[in-house]
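**Q** quick one, fold the following:
(2 chains)
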Number of protein chains: 2
Amino acid sequence: MKQRRLIQRGTFVTIDEQLPVYQGWLAMEDGKIAAMGQGEAPAEETALATETLDGSGLLFMPGLVNTHGHAAMSLLRGMADDLALQDWLQNHMWPTEAKFTGDDVYWGSALAAVEMIKSGTTTFVDMYDHMHRVAEVVDTSGLRASLTRGVIGLCPEDVQKAKLEDAIRFAKEWHGKADGRISVMMSPHAPYTCPPDYILKFVETAHELNLPMHTHMSETLAEVEQNVRDYGVRPVEHLDRLGMFSRPTLVAHAVHLNDEEIALLAERKVAVSHNPVSNLKLASGVARVPELLKAGVTVSLGTDGAASNNNLDLFQEISTAALIHKGVSGDPTAIPAAEALRMGTLYGARSIGLEGVTGQLKTGLKADIIALNIGKAHFVPRTDVVSHLVYSARGADVVHVWVDGKPLLRDGQLTTLDEEKIMAEAERCYQRLRA
Amino acid sequence: MKQRRLIQRGTFVTIDEQLPVYQGWLAMEDGKIAAMGQGEAPAEETALATETLDGSGLLFMPGLVNTHGHAAMSLLRGMADDLALQDWLQNHMWPTEAKFTGDDVYWGSALAAVEMIKSGTTTFVDMYDHMHRVAEVVDTSGLRASLTRGVIGLCPEDVQKAKLEDAIRFAKEWHGKADGRISVMMSPHAPYTCPPDYILKFVETAHELNLPMHTHMSETLAEVEQNVRDYGVRPVEHLDRLGMFSRPTLVAHAVHLNDEEIALLAERKVAVSHNPVSNLKLASGVARVPELLKAGVTVSLGTDGAASNNNLDLFQEISTAALIHKGVSGDPTAIPAAEALRMGTLYGARSIGLEGVTGQLKTGLKADIIALNIGKAHFVPRTDVVSHLVYSARGADVVHVWVDGKPLLRDGQLTTLDEEKIMAEAERCYQRLRA
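**A** Residues are numbered from 1 along each chain as shown, chains lettered A, B, ... in the order given. The predicted structure follows:
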């Protein structure tokens, strides 16, 4: 007999315009959402169910999609705060990261996986080195991920070549693996860290392997100005000329954009990963998200690495995105709650080619579902659950997580990862790195 | 035998420059911090202790101080979001609040008390109506509070008079009550809602009763412009001319200030309650907090009411204050983590005359202490606990709370309030109000 999980008497937030919020039931089978409906589950559903969960007092919604990060940097959480991006990168992050072994990447990424699952993220984008070790964490944890070897090209040609080959090897080995939960992108780290001819090679490879691309872009004003000095154009035009946007592309940050750049990103269907907390913490600025959304650009949310955030709770990005653009623009209707929630779910899926796979509760989609305990004071009264999710919920409210219909968190307990061991190993790695 | 609680083997963040962070022990007796020290507790301490708590894996710090709010507005959480302040106030909040009975205020405030205790707030400022019902909640819950009848003076003279008398009656009845945990302030609601001669009466009364003052000030640009139109001066000078700053005064918001106003606030020793989340959500703007701090103004943190936040987790205000001023100013050193933490504790106490009473862990101060479970992924690795508290902690990490040495929360369970009943009653109140 096939396993069929039935959730009864729950509150569902679907991120689907047909029926955004309902009280009712949902059934999972074969890793997918098999059926859903309002009110009490019909007799044939209760008969089919091999496992039933009482959803009273719980809110069910699609798992969150974190579209930019460096999971292994969780090892550096709190190591160097309140510094400017280039100082932070060049004098603190890069020298420490240069010491990272594959084991550090494994335990740092595992630490991130623990935090992401426990705060409701089911899909994440990760750009780093030693990516096969990150892929192992994805495989073991049961998470869904879009992974990419981020390559800095400020190095001799033979090293450049070896890094590109590493990125290609990783793509060939892992794209489509972990029961299809892993996909791969090609990533020159940023226009300011990769010479144009090196970026060109990544674009060519992305075409050959039929993969999307991911990069950091226009995170700081200084890097935009440098781009203009070095190449005569701003980063969007620069990357467009290099053909990057002929591939499906997700750019992270995109803080400093002019109107022409916003129009070009919309025209080329480039998706933007907005990282509001990281951008604030590093004083990079406030991205023009209302304008991007108005222009039709898909804007999703990323935490960035835990060293510049300093946590991976995507609910904080959702609330920060909903709050900051109101305060900075002076328009209290900028990014309403429902739009912020779409940025953390549906738009995240869309930005990495997974719309119709995850990011919504809809029959036929993968059963990537989280449940929050809403029997708490900060969810009272029951005025508007979407508002509560955006302005009041925290990752700590998450009690159950399923990916592909498989439980990764049950009653707040991880089912696939050994949390105590991972915390201890991560601490050990950090102590060695700082020595 | 006297009760003496001993915490052993804990991590302590004191907000005291002498010894900001230590591993060690702390003893409470007679509602106060009786002794504290590094390392293992000496034999005489363990002998004196009538109760011992193993603090391993816990972080102890002063309870948070929330310096501006309207607790009963928790009943309106999520009722009307993503609107401008005046629309939100005049068309949604005020009409519904006009229906509030004393019971609504009681259950709404109790709901707020549940949320505050569970997220680590031990002292709060509350400005509202039916204040004796709020005082009952403070008395029962064991919280510490500075309470004030907020009075809108746009009404006939006899109504004005009755409101002022109500404020005076409340002050006389409750100042110093609840074992000294309640203090009272005098509050004209705002310069734009109270005629000058009415504000003058509050100033006189504050002098007569020897009480501090609290008011909303310069929350929106529109209200500053109106002040200039109506009275020829901006709000700071207006209130200064009315003599308000001859009393110890705490002003909430203070978003729109010019350099002269900042200098005058510093000179008059006026404290500012910064409410970053509410100011962002209502699109009021971003207060000039780095400049205020630089000028020597005491700046603390407030959630404002849950209807404009929409939660009372002061850890979110602490992180938002640390983040937003970096991003908006472009200076990544603006409001470092340690300063944000002082804003949520010591500066909060200072702004309501409670420095030396609460807001720090120091021998002789009241034992207003919270404990966070730091055995979680988002506190790993142990780089900098102050950074973790500001950028990674959430109210949900709080597991124990003491006020006056008395436990209000033990292992996440409330000891003085009936959470289930309060949530049910609050929901019932809301359903009646919206009907």
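**Q** got the contact list for A:Asn311?
**A** Applying C-beta atoms under 8 Å, 6 or more residues apart in numbering or on different chains to A:Asn311 gives the contacts A:77, A:115, A:119, A:303, B:378, B:391-392. The way it works is simple: take the backbone N, C-alpha and C, and place the C-beta from them, glycine included.
**Q** let's have these in CSV, adding neighbour count and distance to A:Ile370.
**A** Below are those laid out as CSV (neighbours: other C-beta atoms under 10 Å in any protein chain shown; distance: C-beta to C-beta, whole Å):
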residue, neighbour count, distance to A:Ile370
A:Arg77, 33, 23
A:Glu115, 27, 14
A:Ser119, 27, 9
A:Thr303, 31, 16
B:His378, 27, 17
B:Tyr391, 27, 23
B:Ser392, 27, 20
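**Q** out of these, who's nearest A:Ser146?
**A** A:Thr303 (14.5 Å; C-beta to C-beta).
**Q** list the contacts of that closest one.
**A** Applying C-beta under 8 Å, 6+ apart, we find A:Thr303 in contact with A:66, A:68-69, A:275, A:277-278, A:309, A:311-314, A:316-317.
**Q** A:Ala222 too?
**A** Neighbour list for A:Ala222: A:Gln86 [criterion: C-beta under 8 Å, 6+ apart].
**Q** pLDDT of the helix or strand where it lies, averaged?
**A** In the assignment (DSSP states H and E), A:Ala222 maps to helix A:221-231. For helix A:221-231, mean pLDDT is 97.
**Q** alpha carbons of it, as CSV, please.
**A** What follows is helix A:221-231, C-alpha atoms only, in CSV (Å, rounded to 0.1, in the frame of the first residue of the first chain):
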residue,chain,number,x,y,z
LEU,A,221,28.2,51.7,-5.0
ALA,A,222,32.0,51.4,-5.1
GLU,A,223,31.8,48.3,-7.2
VAL,A,224,29.4,50.0,-9.7
GLU,A,225,31.8,52.9,-10.0
GLN,A,226,34.8,50.5,-10.5
ASN,A,227,32.9,48.7,-13.2
VAL,A,228,32.4,52.0,-15.0
ARG,A,229,36.1,52.9,-14.6
ASP,A,230,37.3,49.5,-15.8
TYR,A,231,34.8,48.7,-18.5
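**Q** check which residues of that helix are buried.
**A** A:223-224, A:227, A:231 (16 or more other C-beta atoms under 10 Å in any protein chain shown).
**Q** just name the closest of those residues to B:Arg382, please.
**A** Distance to B:Arg382 across the buried residues of helix A:221-231 (C-beta to C-beta) is lowest for A:Glu223, with 32.8 Å.
**Q** tell me the spacing between that closest one and A:Asp81.
**A** A:Glu223 sits 21 Å away from A:Asp81, going by C-beta to C-beta, to the nearest Å.
**Q** could you do A:Ala71 as well?
**A** Distance, A:Ala71 to A:Asp81, by C-beta to C-beta: 19 Å.
**Q** these two - which one has more neighbours?
**A** In this view A:Ala71 and A:Asp81 are compared by other C-beta atoms under 10 Å in any protein chain shown, and A:Ala71 has more residues nearby, 31 against 26.
**Q** could I get the full set of helices for the stretch 101-250 of chain A?
**A** Here the stretch 101-250 of chain A has its helices, by DSSP state H, counting those that start in this stretch, at A:102-118, A:131-141, A:157-174, A:196-209, A:221-231, A:235-241.
**Q** return the most buried member of these.
**A** Highest mean neighbour count of the helices of the stretch 101-250 of chain A: helix A:102-118, a mean of 27 (counted as mean count of other C-beta atoms under 10 Å in any protein chain shown).
**Q** quick check: angle from that one to helix A:131-141?
**A** What separates the directions of helix A:102-118 and helix A:131-141 is an angle of 40 degrees, with axes from the mean of the first three to the mean of the last three C-alpha atoms, to 10 degrees.
**Q** and stretch A:422-430, anywhere near chain B?
**A** Yes: judged by C-beta under 8 Å from any C-beta of the partner chain, stretch A:422-430 comes into contact with chain B through A:422-423, A:426-427, A:429-430.
**Q** again with stretch A:403-416
**A** No: using C-beta under 8 Å from any C-beta, stretch A:403-416 never reaches chain B; the gap is at least 9.8 Å.
**Q** quick one, phi psi at A:Gly375?
**A** Backbone geometry at A:Gly375, expressed as degrees, to the nearest 10, gives phi -90, psi 50.
**Q** what's the neighbour count on it?
**A** A:Gly375 has 15 nearby residues by other C-beta under 10 Å.
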